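okay, sequence plus prediction incoming.
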Amino acid sequence: MHIRSLFTYPIKSCRGIEVEELYLLPYGPKYDRTFVIVDGKGQFLSQRKHPKLCLIGTAIKDYVLLINIPDVGEFSIPLHQGKGVEREVVVWDDVCRGFDEGDLIAGAVSSFLGTSSRLVRYAPQHPRLRHSSHLNACVSVSFADAYPLLVISQASLDDLNQRLSQPLPMNRFR
């Protein structure tokens, strides 16, 4: 098997980063879906309803998450586990807790999306557990949809693209 590319998505539903390697933690790749944007009720926001999320760029440099919001600005969040105000987060049917990253970034994201939003960091001490029917056990996962890893073969992507009028790149599959 040959791995052609690896991507990590520090903020769920925002633009990802191609990386050379992944460091795996019990709940998934380090820095992958470590953050999520939620509404006032703690419900996660996704590109399904907020397509502008794909325009929010992310980068990691010197243990800092850099967030670039078009026409708003660039923001930085230290990646060391900070503690802020705890907030309930709902990802699909799962309820867990995370740490709110504050009013500055919340205001920037809200302004860009045109809806009240907060940026929340995953709190490993409050794990989000998903039942795996394949393992017949619960697994810990960050803010990813269902499982810590998604693996797609090039052959599968090629097959799909033969059936589409516009081909999709691999990084569209998160």
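That came in fine, so what should we check first? Small disclaimer: the values here were computed from a predicted structure and weren't measured. Numbers count the residues shown, from 1 in each chain.

switch to C-alpha atoms for all contacts and neighbour counts from now on
Fine.

low-confidence stretches in the chain?
Judged against pLDDT under 70, the low-scoring parts of the chain cover residues 81-82, 174.

residue ranges of the helices in it, please?
Counting by DSSP state H, one finds helices in the chain at the ranges 103-113, 154-163.

of these, which is nearest residue 130?
Between residue 130 and these, the shortest gap by CA to CA is with helix 154-163, which sits at 26.0 Å.

what's the closest one packed up against?
Packing partners of helix 154-163 (3 or more CA pairs under 8 Å, 6 or more residues apart in numbering; DSSP states H and E): none among the helices and strands.

mind listing residues that contact stretch 49-56?
13, 14, 15, 46, 47, 67, 68, 69, 70, 113 (CA atoms under 8 Å, 6 or more residues apart in numbering).

sorry, back to before: now the helices of the chain in CSV, with mean neighbour count?
Below are the helices of the chain laid out as CSV (neighbours: other CA atoms under 10 Å):
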stretch, mean neighbour count
helix 103-113, 17
helix 154-163, 12
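
to residue 39, which of those lies closest?
helix 103-113 (9.1 Å).
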